[in-house]
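Asker: the sequence and its predicted three-dimensional model are supplied below.
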Amino acid sequence: MSRLFFHFKKVIYLLPLILFVIQARATVFEGLIDNRAIVMEVEKNDFGFYGQYFFKDEGKNRTLSSDLTKENVLIEGDDDSGNLGFYFSKTTPPYKGFYFDKIKKIELPFEIFEIKSLPTDTNNSIALQNFSNNNIYEYLRQKTFSFDKTHTEKFQGYEIQWHKENNSNLSFFTRVPSSDENLQDVIMINNYLEIKFRQYISQSFGCENKKYLIEPSFLNKNITSFYFSGSFICDNSYSTNFYRELVNLDNATGQSLSLNDIVTLPKDITLEKWIIEQLTDLYPVLMSDPECPYQEETTWNKDNQIAWIITSQGIEFRPQIEDMITICNATDWAVLPFDVLREFKSSKNPLQL
């Protein structure tokens with residue numbers, strides 16, 4: 001949210017006088033710049049004030065931080081030019097001043113009021129309501145995103161509903177309850193799927209080179225497995241934000257499944273070693289590739305995380321090899337089929353093997 005402050009000597013002497021009522025917690029305001037409605041969040045730390053704001057008719061998040069050379073000024077953006085920002089001429093409620101753009105030579109009046117409570121909105125989804133309970137600023141920003149149902153389709157015998165966010169044109173799916181499913185379980189899983197999607201939309205809004213994928217890989221009455229990946233570049237950055245998750249959810253709890261929920265291993269063997277043994281039995285040539293370290297346990301477990309996902313064929317494992325050619329990580333063949341998993345099925349048996 002905030003930019004880094006490198007001018008430490010200045011900080012000691014110039015802390016803005018703005019909003020002395022703001023404490024370490026974030027304070028959320030709404031009001032107008034000229035005739036455009038905005039929401040602003042401001043927080044104080046040891047170096048000054050920082051925050052963010054958005055226009056209600058747009059939704060793009062814009063960062064704010066203290067001007068270290070001027071009192072009562074919040075600069076917009078991540079550079080030190082100070083060309084955009086807010087000057088506060090009144091530092092008691094209601095807060096007033098003008099928004100300035102030095103390049104365009106614009107000064108527009110603004111006035112903001114602290115938001116102390118939110119009205120109840122019965123049209124909110126459960127996912128959106130979660131934001132209102134935990135983050136007022138993000139909740140109000142999320143309300144600028146609009147969703148439409150587009151189409152349904154059958155996947156592995158279960159119906160799924162697709163939804164599109166109208167600004168980004170990106171989509172996500174939810175489960176349609178069937179007769180063999182617990183309705184509350186489906187509601188909980190759909191809440192998870194919507195929150196995951198909303199978080200990505202929020203982080204990537206207004207960014208460039210966006211790539212996004214969410215699609216189911218396995219569904220039954222006990223499990224929801226799906227791929228989630230995305231990337232984008234923001235704020236003239238030369239680095240790309242990457243997201244990649246392989247998600248296997250227990251429908252009854254809404255929590256991620258572990259491999260131990262699905263398989264019971266022989267004594268005195270680690271999961272990594274068991275994975276290597278099983279894959280080597282099934283794919284001896286591929287697992288012996290001299291260019292790829294598939295026989296090393298660290299290939300399949302990075303930071304105590306094993307990358308795996310349930311598919312229509314079984315459990316697919318993904319190696320996690322750093323500083324290696326991409327082809328070593330392209331292992332859509334690394335699947336333990338259901339007939340192998342059946343030999344090691346756990347007592348919980350969510351796959352119904």
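Answerer: Good, I have the coordinates.
Asker: for Lys116, what are phi and psi?
Answerer: When read as degrees, to the nearest 10, the backbone of Lys116 gives phi -100, psi -20.
Asker: that one: how many residues sit nearby?
Answerer: By other C-beta atoms under 10 Å, 8 other residues sit near Lys116. (C-beta placed from N, C-alpha, C; glycine too.)
Asker: do you know the pLDDT at it?
Answerer: pLDDT recorded at Lys116 is 88.
Asker: all helices of the protein, in order?
Answerer: Applying DSSP state H to the chain gives helices spanning 8-13, 126-134, 136-142, 183-204, 259-262, 271-282, 284-287, 297-300, 338-343.
Asker: quick one: which of those helices is nearest Gly59?
Answerer: Between Gly59 and the helices of the chain, the shortest gap by C-beta to C-beta is with helix 136-142, which sits at 6.0 Å.
Asker: so which elements touch the closest one?
Answerer: strand 27-33, strand 36-45, helix 126-134, helix 183-204 (3 or more C-beta pairs under 8 Å, 6 or more residues apart in numbering; DSSP states H and E).
Asker: okay if I get those as CSV plus mean pLDDT, distance to Lys102 and mean neighbour count?
Answerer: What follows is those, written out as CSV (pLDDT from 0 to 100; distance: least, C-beta to C-beta, whole Å; neighbours: other C-beta atoms under 10 Å):
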stretch, mean pLDDT, distance to Lys102, mean neighbour count
strand 27-33, 96, 16, 19
strand 36-45, 93, 19, 19
helix 126-134, 88, 35, 16
helix 183-204, 93, 29, 18
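Asker: for the ones you listed, which one sits closest to Arg175?
Answerer: helix 183-204 (5.1 Å).
Asker: ok, residues contacting that closest one?
Answerer: Contacts with helix 183-204, where a contact means C-beta atoms under 8 Å, 6 or more residues apart in numbering, come from 61, 125-128, 130-131, 138, 141-142, 145, 163, 165, 168, 170, 172-177, 210, 212, 214, 224, 226, 228, 230, 232, 234, 241, 243, 247, 249, 251-252, 254.
Asker: count of neighbours near Leu336?
Answerer: Using other C-beta under 10 Å, Leu336 is surrounded by 21 other residues.
Asker: an error on my part: the question was meant for Asp101.
Answerer: Neighbours of Asp101 under the rule other C-beta under 10 Å: 13.
Asker: quickly note the distance from it to Leu341.
Answerer: Applying C-beta to C-beta, to the nearest Å, the value for Asp101 to Leu341 is 61 Å.
Asker: do you know the pLDDT at the nearest residue to Gly31 once chain neighbours are set aside?
Answerer: By the measure of C-beta to C-beta, 6 or more residues apart in numbering, the closest residue to Gly31 outside its immediate chain neighbours is Ile112, 3.4 Å from it. If you check Ile112, the pLDDT there is 97.
Asker: and the gap between Ile112 and Glu58?
Answerer: Taking C-beta to C-beta as the measure, Ile112 falls 17 Å from Glu58.
Asker: and those two? which has more neighbours close in?
Answerer: Ile112 (24 against 14).
Asker: contacting residues for the more buried one?
Answerer: So Ile112 contacts 29-32, 38, 40, 94-95 (C-beta under 8 Å, 6+ apart).
Asker: how does it look with 10 Å?
Answerer: Going by C-beta atoms under 10 Å, 6 or more residues apart in numbering, Ile112 touches 19, 28-33, 38-40, 42, 53, 86, 88, 93-97.
Asker: for Tyr139, same thing?
Answerer: 28, 39, 118, 121, 124, 128-133.
Asker: give me that answer again for 6 Å
Answerer: 131-132 (C-beta atoms under 6 Å, 6 or more residues apart in numbering).
Asker: now do the same for it: its pLDDT.
Answerer: For Tyr139, the predicted pLDDT is 95.
Asker: on that earlier part again, what's the distance between the residue nearest to Gly31 and Leu32?
Answerer: Here the criterion is C-beta to C-beta. By it, Ile112 lies 8 Å from Leu32.
Asker: returning to that earlier point: with distance to Glu322 added, can I get the helices and strands packed on helix 136-142 in JSON lines?
Answerer: Below are the helices and strands packed on helix 136-142 laid out as JSON lines (distance: least, C-beta to C-beta, whole Å):
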{"stretch": "strand 27-33", "distance to Glu322": "40"}
{"stretch": "strand 36-45", "distance to Glu322": "34"}
{"stretch": "helix 126-134", "distance to Glu322": "34"}
{"stretch": "helix 183-204", "distance to Glu322": "24"}
